[in-house]
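Chemist: Using only what follows, build the 3D model:
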Amino acid sequence: MTVIERPQTPLVGKLKITGTLIVETGLHIGGGGETLEIGGLDKPVIRDPVSQYPYLPGSSIKGKLRSILERWLNKPLNRGGGSGTYRYESDDIESGYTEIQADQYVEYEGAKTCQVSRLFGSTGGSKCWIPTNIAQSQELGSQGNKTINGVSHTKIKGRNCPARLIVRDCHLTPESAEQLRNIDTGLYMTEWKFENGLDRVTAAANPRQLERVPAGAKFTFEMVYTVEDENQAIEDVKNLAIALSILEDDALGGHGSRGYGKVRFENFNFDYRDAKQYENIASGGGTSINFPSLKNTAEFLSRFSEIQSQLPGS
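Modeler: Below is the predicted model:
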């Protein structure tokens, strides 16, 4: 019997980043209405089922940050997303090629080093080709062999890579919730946005009503980054700061090109604990490292060296 060792990636520590997300123009992240009433909303926002407060799903924010980082790092489109669209994904932990059509290949970077996949995770591909010497040394099996760009490659079942970044759902701050409860728009804590779609030929109007979180609403914001590699952590956190800054000049949620979804981030706070500190906390002692509080994304970037000096690997 052959015993194969598959060591777990050690936990170095956890970096928690908290702050405030401020809505600057009406924001719509859809929740999908159960019924369609005459004169009712065509597109309601997503709400907490218990409190009925609007909230911002962490998945929406994380997806937007990933899309931004993919474009900023100029990642190739190698994975079909349906309806003729493509997106980027690391097909495996190791670098290789994605076969998008017969004898057509797109090179991707393996999740061990890919800056996007380290943060946001990746799912293994079914049309993944990696160098044959790597496939053999890691005993990954073979679904075929061929030469790509002069190098022997083996087709394998691509392996998943878990995300290092957690993005929590954003909930209204108590002050903002109180303010929204007192507004009178005909909707609970939100606003109507009436629009018309115009036929370019007949000029006939097609009215619709969208629900939006009003400008000025404030949400708590929290992300947790798992440190697995001390040197990569510094690069990952800086890339995250850049993506947040770009998001402020982009849009969150739907209909961004029409002016919806402008947001900004303020009051960043950082809390880092390594594995030993978690052990000390469990035994009744230990504290986390103190980081500077930063007012906004501009400070996050301009004072990044102060954050870096507190991270492992510095």
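Chemist: what about the helices in this protein?
Modeler: Under the criterion DSSP state H, helices of the chain are mapped to 58-72, 115-120, 132-137, 174-181, 230-248, 275-282, 297-302, 304-310.
Chemist: so which of those comes closest to residue 146?
Modeler: Among the helices of the chain, the nearest to residue 146 by CB to CB is helix 132-137 (9.5 Å). Yep, even glycine has a C-beta here, placed from its N, CA and C like the rest.
Chemist: Return the set of buried residues in stretch 225-233.
Modeler: For stretch 225-233, the neighbour count (16 or more other CB atoms under 10 Å) marks 225-229, 232-233 as buried.
Chemist: so how many other residues sit close to residue 209?
Modeler: For residue 209, the count of nearby residues is 15 (other CB atoms under 10 Å).
Chemist: Got the confidence number for it?
Modeler: In this model, residue 209 is scored at 82, pLDDT.
Chemist: From here on, call the first residue 49.
Modeler: In the new numbering, first residue 49, that becomes residue 257.
Chemist: Quick check: bridge partners of it?
Modeler: residue 242 (DSSP bridges).
Chemist: That one against residue 239, yeah?
Modeler: No. The pair residue 257 / residue 239 is not scored as a contact, 10.5 Å apart, by CB atoms under 8 Å.
Chemist: Identify the residue nearest residue 280 in space, chain neighbours excluded?
Modeler: Leaving aside its chain neighbours, residue 280 sits nearest to residue 166 (6.2 Å; criterion: CB to CB, 6 or more residues apart in numbering).
Chemist: any idea how far the one you found is from residue 159?
Modeler: 7 Å (CB to CB, to the nearest Å).
Chemist: of the helices of the chain, which approaches residue 68 most closely?
Modeler: Counting by CB to CB, residue 68 lies closest to helix 222-229 out of those; the figure is 9.3 Å.
Chemist: which outside residues touch that closest one?
Modeler: 101, 220, 236-238, 262, 264-267 (CB atoms under 8 Å, 6 or more residues apart in numbering).
Chemist: model confidence over that helix, on average?
Modeler: 95.
Chemist: Put the alpha carbons of that helix into PDB.
Modeler: C-alpha atoms of helix 222-229 as PDB (Å, rounded to 0.1, in the frame of the first residue of the first chain):
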ATOM      1  CA  PRO A 222     -27.200  52.000  13.400                       C
ATOM      2  CA  GLU A 223     -27.200  55.800  12.600                       C
ATOM      3  CA  SER A 224     -27.900  55.200   9.000                       C
ATOM      4  CA  ALA A 225     -30.600  52.700   9.700                       C
ATOM      5  CA  GLU A 226     -32.300  55.300  11.900                       C
ATOM      6  CA  GLN A 227     -32.100  58.000   9.300                       C
ATOM      7  CA  LEU A 228     -33.500  55.700   6.500                       C
ATOM      8  CA  ARG A 229     -36.400  54.600   8.700                       C
END
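Chemist: Pull out the buried positions in it.
Modeler: 224-225, 227-228.
Chemist: just the buried members of the contacts of helix 222-229?
Modeler: Buried among the contacts of helix 222-229 (16+ other CB under 10 Å): 101, 220, 237-238, 262, 265-267.
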